[in-house]
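Visitor: sequence and predicted structure are below.
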Amino acid sequence: MVQNPHVWKRAQAEIDAFLGIDRLPDFDDRPFLPYVEAILRETLRWQPVTPLGAMHATTSSDIYKGFYIPKGTTVVQNVWAMSRDEARYPNAEQFIPERSLTAEGTLTDDNPAKYVFGFGRRICPGRHTADASLWSAIATTLATLDFSATKDTEGKDIIPQPKYLSGLARHPEIFPCRISPRSHISKASLERILASDG
Ligand code: HEM
């Protein structure tokens, strides 16, 4: 969000236009917020949590696309390669939620959730929880907060470059940024919103 202010501004415009500013998004709103959905998809794709999925071993020999794979071979799901496929995602290293939207503003059929949670019988059983939690966090955050760069001693913006700790599951390194309540959000208004049904 700090690197791409146009993204959170467009998302806030979508949220405000549909919900107004007196309530927080809930799951009933989800189908009506395609740009927020596109941000979720791009979040899953841009920096996959498990870039090599999980290791599996073949239980029998197989031939896949002309390759003979003996029984007992360790197979790796190269989610990173799928998510960075330039033919499928031009400028794949860029965070571009618009790639998930058609010219009419509806969602495309290419949802990275189809591969970031693994495949087959051992597919992530927490994927629906993860999807709902991420949507709720992203939608609520966008509805209530602004994001900007912090300044260095000369007053210039510090634009963080994404750096990740390596491991089976990837985590971003801590980076400086400024996160502040949106102008219409005060402690009192948040308490009022949270106390209401909205
Ligand atoms: C963005 C969030 C998440 C991502 C990207 C993710 C991704 C994955 C992947 C790639 C696998 C390996 C699937 C395979 O072997 O093909 C996996 C397995 C698993 N995940 Fe997740 N996961 C996420 C969140 C969660 C959550 C929230 C839970 C629990 C509530 C969870 C529980 C599990 C479990 C128990 C397995 C092992 C399944 C098995 O081996 O049978 N995951 N996950």
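Guide: Received it, and whenever you're ready, just let me know what you need.
Visitor: near the ligand, anything from stretch 43-62?
Guide: Yes - contact of stretch 43-62 with the ligand (C-beta under 6 Å from any ligand atom) involves 49-50, 53-54. C-beta coordinates here come from the backbone N, C-alpha and C atoms, glycine included.
Visitor: in strands only, show me those.
Guide: Among those, no member falls in strands (criterion: DSSP state E).
Visitor: would you list the residues you listed in TSV and tack on neighbour count, distance to residue 126 and pLDDT?
Guide: Listed next are the residues of stretch 43-62 next to the ligand as TSV, based on neighbours: other C-beta atoms under 10 Å; distance: C-beta to C-beta, whole Å; pLDDT from 0 to 100:
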residue	neighbour count	distance to residue 126	pLDDT
49	15	11	94
50	17	12	95
53	23	14	93
54	15	13	93
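Visitor: just those now: which is nearest residue 143?
Guide: residue 49 (23.8 Å; C-beta to C-beta).
Visitor: my guess is that closest one contacts residue 169, does it?
Guide: Yes - between residue 49 and residue 169 a contact is recorded at 5.5 Å, counting by C-beta atoms under 8 Å.
Visitor: find the pair from the residues of stretch 43-62 next to the ligand with maximum spatial separation.
Guide: 49 and 54 (11.5 Å).
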